[in-house]
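Q: quick one: sequence and predicted model below, then my questions.
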Amino acid sequence: MYNIAIRVDASVQIGIGHVMRCLTLAQMLKQSLDSHIIFVCAEGLPGKVNIAIREAGHDLILISALKSIKVDWNEDARQTIQQLCNYKIHWLIVDHYQLDYRWEQMLKQHVNHILVIDDLANRKHDCTALIDQNLHPAMNERYNKWVPMQCRLFLGPANLLLRSEFAKLRQHRQTVTKFQHILLNFGGSDPTHETKKWLKVLLDYPTIIKQVHLHVVAGPANTEKEVIQQLCMLFPKADYYDQADMAALLLGMDAAIGAGGITMWERCFMGVPSAVISVADNQLESVYEAERLKLIWNLGKSECIEEEKFIGWLKTIMNDLKLLRIYQHRCLNYMSSAQADIHPVVEYIKGEL
């Protein structure tokens, strides 16, 4: 049996996306390898994230290196080594914006290989392989100065980490025939409170909300779930979800409103045309590229979007079904490269064991 450790965190501030993509990779590895997977996370992990890791059959070790929002990388490395010292770790996967080559060099002495999941390209790494699923300008060169020359790179949406359900359900995706079902979701925690903000805006447009059926996913770590649920009750047609099987939900959506990042690519993969609101600076480049390729509508940064722009986009697509279909088919065609039976990273990990 191969031991694979994953160092990742989740909180209201940083969201749960890092853990969710690591859970997806863990699922892929379990399906392809006789593996024992150990998650190492900082204390304060949201309860539902804790449960999700354990229910997936993985071990969970909590460390206390996160004293505030900032991580003490040296103490983090020391505690991680201490917790993993009783295992022979074949691969260590790290998905953490506050850890870099210094942490990785300390861990290298205790593990066979290190895989980094990143999308910032803003710090040095000392790793065997790196995956960045996002689209960026000069994508193939942006990590050259940050990783060792021999590091294997997996770059772009073709390397999207998707649960197997996405590929299965994508086969049943139908061409949009009318504008009715629309998804509103801003990840697992929605730290900028977009869901509440835009629900309140929509309530001022009764003509619009009478024509659409809203599907609102608050996210399991959203601190305003109760408020959002109450707002949904004010709409003539709105379904509230604390959390949802996103692949199954997207299959029935005609359009969506959400953040950038990996959830944007999930929507594209499922052929759901979407308006994107960037809620973090690290989403901007990828959103600009997706806009340039006309895969999404870029409404701008969260703090800069005017109500008129949001409502203007909604009115446009409500009255232009042909445009909606064009974006749908463009998304499906572009993301067709992300449908490999075995993810390239999983194949690489197996080959290096």
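A: It's in.
Q: what's the domain layout of the chain?
A: The record's domain parsing of the chain by automatic domain parsing lists 2-155, 166-337.
Q: and the gap between Gly258 and Gly15?
A: 13 Å (C-beta to C-beta, to the nearest Å). For the C-beta atoms, the positions are set from N, CA and C on the backbone; glycine is no exception.
Q: ok, and what's touching stretch 5-16?
A: With contact meaning C-beta atoms under 8 Å, 6 or more residues apart in numbering, stretch 5-16 is reached by 18-19, 22, 25-26, 37-42, 44-46, 49, 66, 69, 71, 80, 84, 87, 89, 91-97, 99, 111, 187-189, 191, 219-221, 223.
Q: out of these, which are inside strands?
A: Mapping the contacts of stretch 5-16 onto strands (DSSP state E) picks out 37-42, 89, 91-95, 111.
Q: quick one, longest helix in the chain?
A: Assignment by DSSP state H gives helix 17-32 as the longest helix of the chain.
Q: Lys200 - how many residues pack around it?
A: Lys200 has 13 neighbours, counted by other C-beta atoms under 10 Å.
Q: excluding sequence neighbours, find me the nearest residue to it.
A: Leaving aside its chain neighbours, Lys200 sits nearest to Leu231 (6.9 Å; criterion: C-beta to C-beta, 6 or more residues apart in numbering).
Q: can you pull the phi and psi angles for the one you found?
A: Dihedral pair for Leu231: phi -60, psi -40, per degrees, to the nearest 10.
Q: list the contacts of it.
A: Per C-beta under 8 Å, 6+ apart, neighbours of Leu231: 196, 199-200, 203.
Q: three-state assignment of the residue of the chain most remote from its centre?
A: In the chain, counting by C-alpha atoms, centre = their mean, Thr207 sits farthest out from the average C-alpha position, at 33.1 Å. Under the three-state scheme (DSSP: H, G, I helix; E, B strand; the rest coil), Thr207 adopts helix.
Q: could you pull out the strands for this structure?
A: Secondary structure of the chain by DSSP E: the strands cover 2-8, 35-42, 59-63, 89-95, 111-117, 129-132, 152-155, 181-185, 213-217, 238-241, 255-258, 274-278, 297-301.
Q: buried ones in the longest one?
A: Within strand 35-42, the residues that count as buried by 16 or more other C-beta atoms under 10 Å are 35-42.
Q: which other helices and strands does the longest helix of the chain contact?
A: With contacts taken as 3 or more C-beta pairs under 8 Å, 6 or more residues apart in numbering; DSSP states H and E, helix 17-32 sits against strand 2-8, strand 35-42, helix 47-55, strand 89-95, strand 111-117, helix 164-170, helix 262-269, helix 344-351.
Q: let me know the average pLDDT across it.
A: Taken as a whole, helix 17-32 carries a mean pLDDT of 95.
Q: pull the CA atoms of that helix into CSV?
A: What follows is helix 17-32, C-alpha atoms only, in CSV (Å, rounded to 0.1, in the frame of the first residue of the first chain):
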residue,chain,number,x,y,z
GLY,A,17,-11.9,25.1,-2.3
HIS,A,18,-8.4,23.9,-1.6
VAL,A,19,-9.7,21.0,0.5
MET,A,20,-12.3,20.1,-2.1
ARG,A,21,-9.9,19.9,-5.0
CYS,A,22,-7.5,17.8,-2.8
LEU,A,23,-10.5,15.5,-2.0
THR,A,24,-11.1,15.1,-5.7
LEU,A,25,-7.4,14.2,-6.3
ALA,A,26,-7.6,11.8,-3.4
GLN,A,27,-10.6,10.1,-4.9
MET,A,28,-8.8,9.7,-8.2
LEU,A,29,-5.8,8.2,-6.4
LYS,A,30,-7.9,5.8,-4.4
GLN,A,31,-9.5,4.6,-7.6
SER,A,32,-6.2,4.0,-9.3
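Q: hmm, who's touching it?
A: Helix 17-32 is touched from outside by 4, 6, 8-10, 35, 37, 39, 41, 45, 49, 52-53, 56-58, 93, 95-96, 117, 133, 161-164, 187-188, 261-263, 342-343, 345-346, 349-350, with contacts defined as C-beta under 8 Å, 6+ apart.
Q: please, a ChimeraX command that selects the buried ones among those?
A: A single ChimeraX command selects the buried members of the contacts of helix 17-32 (16+ other C-beta under 10 Å):
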select :4,6,8,9,10,35,37,39,41,45,49,52,53,58,93,95,96,117,133,161,162,163,187,188,261,262,263,343,345,346,349
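Q: gap between the residue nearest the centre of the chain and Ile114?
A: With distances taken as C-alpha atoms, centre = their mean, the residue of the chain nearest its centroid is Ile262 (3.5 Å). As judged by C-beta to C-beta, Ile262 and Ile114 stand 21 Å apart.
Q: what of Trp73?
A: According to C-beta to C-beta, Trp73 stands 14 Å off from Ile114.
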